[in-house]
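Participant: let me see the structure of the following:
(one chain, ligands or ions: 1)
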Amino acid sequence: MRLNPFVTTLALTFSALTSLSAQAQNTTPIKVGLMLPATGTFAALGSMIESGFKLYVQEQGGKLAGREIQYFKVDDESEPSKATDNVNKLIKRDNVDVLVGTVHSGVALAMAKAAKDSNTLLIVPNAGADAITGAMCAPNIVRSSFSNWQPGYSTGVVAAQKGYKRAMTITWNYTAGNETVKGFTEAFEMGGGKVMKGLTLSFPNVEFQALLTEIAAQKPDVVFAFFAGDGAVKFVKDYAAAGLNKSIPLFGSGFLTDGTLEAQGAAAQGLFTTLHYADNLDTPRNNAFRKSFALTYKANADVYAVQGYDAAQILAAGLKAVNGDLSKREALTAAMHKTTVDSPRGKFTLSPAGNPVQDMYLREAKGINNEFRGVAVKALADPARGCKL
Ligand code: BEZ
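Facilitator: Alright, predicted model coming up:
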């Protein structure tokens, strides 16, 4: 067959232009959309995640796989009713390449739906909503944090091992609270205990008095609580002020005392929680991370900072595999899923559903640290119920 020289020239020119445009794109910044709470009960958590993410990028010289990072920000207020509008500001208005967010499970569920619908990359740096790496799992979605089931389950294991038989639970009535309690109940009852009653109040309400009175009247062997941020500070203080800390042990997923110990003061001392991080993990990786965080921000890192830092590490792993070329989507998302993250919490991998498979630590609150007391459950993988990939 003889080729028409005009068509050949045109084809070559087109291919050269396409390759030039790909090269040009690879020199433009990667647009990262940070959707986090900057106001409300989880504001401090959002700020720590952002600091952690930016710290990792800064440690790489401000670039990932040779590309600058440009940030776009939305305060999601931990408000699910505004979540779809908020995430669309980043997807449609700012045209971000990757979404990073958020803290609140209800808001994150809306983000995951929007990310799936628009096929935007999403890295969840906190919110534990089980469905995100369960029924809603997708190649373009990964999490650097935990599923709500994980810390609930590991605390249930510990409470049952300690020999407690009758538990009461208390939390906000929303996705994270309910799923964490479910994880706790599953392990606690498998270990021979019984959850007598679950108490709830609406998010982000902190009027705990009537519920504490009920706990005092029922006298369970142990109380399991899920609260975080400012709500956790108030709950732990109210529990102690009611004198309950002297008679009924309080257990929680680690959010009850993470990033909150200074504000909780004496009321939190000696509390046992489980989580995928402990402040004083004496490893070169954690020590270096905490030093770098403290030098940069004049503040102590917490679990939220770690999750933000690791979100950036997961993105970096994906970008490295494709040399910064976002158009190689399949290779990029596959590399994100396959990476072993060298985290301050310890190395971890992601499950096929995109959730960390990680050690859950037993911690005790001492001074301003959640100190390591042992491994509660080794390499705990979320069951990823309903995930079909
Ligand atoms: C959540 O809503 O998923 C959540 C919020 C704060 C701490 C942990 C989980």
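Participant: ok, residue 203 - contacts?
Facilitator: Under the criterion of C-beta atoms under 8 Å, 6 or more residues apart in numbering, the contact partners of residue 203 comprise 78, 172, 173, 174, 177. The way it works is simple: take the backbone N, C-alpha and C, and place the C-beta from them, glycine included.
Participant: wait, doesn't the first one sit right on residue 108?
Facilitator: In other words, residue 78. No. Distance between residue 78 and residue 108: 10.2 Å, which falls outside the contact criterion (C-beta atoms under 8 Å).
Participant: one step back: of all the contacts of residue 203, which two lie farthest apart?
Facilitator: Considering C-beta to C-beta, no two members of the contacts of residue 203 lie farther apart than 78 and 173, which are separated by 14.5 Å.
Participant: which residue ranges of the stretch 151-300 of the chain form strands?
Facilitator: 166-172, 194-201, 222-226, 250-253, 272-275 (DSSP state E, counting those that start in this stretch).
Participant: name the residues that touch the first one?
Facilitator: Taking C-beta under 8 Å, 6+ apart as the criterion, the residues outside strand 166-172 that touch it are 159, 177-178, 180-181, 184-185, 188, 193-205, 208, 211, 215, 218, 220-227, 231, 235.
Participant: buried members of the residues you listed into ChimeraX, please.
Facilitator: Buried subset of the contacts of strand 166-172, written as a ChimeraX selection, criterion 16 or more other C-beta atoms under 10 Å:
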select :159,177,178,180,181,184,185,188,193,195,198,199,200,201,203,204,208,211,215,220,221,222,223,224,225,226,227,231,235
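Participant: in CSV: the strands of the stretch 151-300 of the chain, plus distance to the ligand and mean pLDDT.
Facilitator: Shown next, in CSV, are the strands of the stretch 151-300 of the chain (distance: least, C-beta to the nearest ligand atom, whole Å; pLDDT from 0 to 100):
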stretch, distance to the ligand, mean pLDDT
strand 166-172, 9, 98
strand 194-201, 14, 98
strand 222-226, 8, 98
strand 250-253, 7, 98
strand 272-275, 10, 98
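Participant: three-state assignment of residue 122?
Facilitator: For residue 122, the secondary-structure state derived from DSSP: H, G, I helix; E, B strand; the rest coil is strand.
Participant: surely it touches residue 113?
Facilitator: No. Contact criterion C-beta under 8 Å: residue 122 and residue 113 do not qualify, at 10.1 Å.
Participant: the two - which one has more neighbours?
Facilitator: Neighbours were tallied for residue 122 and for residue 113 using other C-beta atoms under 10 Å; the higher tally belongs to residue 122 (28 against 16).
Participant: bridging residues for the more buried one?
Facilitator: Applying DSSP bridges to residue 122 yields these beta-bridge partners: residue 99, residue 141.
Participant: neighbour-wise, give me the winner out of the contacts of residue 203.
Facilitator: residue 78 (28 neighbours).
Participant: grab the nearest non-local neighbour of it.
Facilitator: Distance criterion C-beta to C-beta, 6 or more residues apart in numbering; nearest residue to residue 78, sequence neighbours excluded, is residue 104 at 4.1 Å.
Participant: before we move on, back to that, now for residue 78 and residue 108: what residues contact both?
Facilitator: Shared contacts of residue 78 and residue 108, counting by C-beta under 8 Å, 6+ apart, come down to residue 102.
Participant: give me every residue that touches whichever residue of the stretch 251-389 of the chain sits closest to the ligand.
Facilitator: Minimum separation of the stretch 251-389 of the chain from the ligand (C-beta to the nearest ligand atom) falls at residue 255, amounting to 4.3 Å. With contacts defined as C-beta under 8 Å, 6+ apart, residue 255 is in contact with 151, 226, 227, 228, 229, 232, 273, 275, 303.
Participant: let's go with 7 Å and repeat that
Facilitator: Applying C-beta atoms under 7 Å, 6 or more residues apart in numbering to residue 255 gives the contacts 226, 228, 232.
Participant: show me what residue 73 is bridged to.
Facilitator: Beta-bridge partners for residue 73, by DSSP bridges, are residue 34.
Participant: closest to the centroid, which residue in this protein?
Facilitator: Per C-alpha atoms, centre = their mean, the C-alpha nearest to the average position across the chain is that of residue 126, at 1.7 Å.
Participant: coming back round to it: for the strands of the stretch 151-300 of the chain, which one sits closest to residue 350?
Facilitator: From the strands of the stretch 151-300 of the chain, taking C-beta to C-beta, the stretch that ends up closest is strand 272-275, at 18.1 Å.
Participant: what packs against the closest one?
Facilitator: Under the contact criterion of 3 or more C-beta pairs under 7 Å, 6 or more residues apart in numbering; DSSP states H and E, the helices and strands touching strand 272-275 comprise helix 149-161, strand 250-253, strand 356-366.
Participant: low-scoring stretches of the protein, by residue?
Facilitator: Per-residue confidence of the chain (counting by pLDDT under 70) places the weak regions at 1-25.
Participant: interface residues of it facing the ligand?
Facilitator: Contact residues of the chain with respect to the ligand, defined by C-beta under 6 Å from any ligand atom, are listed as 42, 103, 104, 105, 126, 127, 128, 176, 228, 255.
Participant: what about the residues you listed, which are in helices?
Facilitator: Among the residues of the chain next to the ligand, DSSP state H puts 105, 176 in helices.
Participant: most neighbours among the residues of the chain next to the ligand, please name it.
Facilitator: When neighbours are taken as other C-beta under 10 Å, the top entry among the residues of the chain next to the ligand is residue 104 (34 neighbours).
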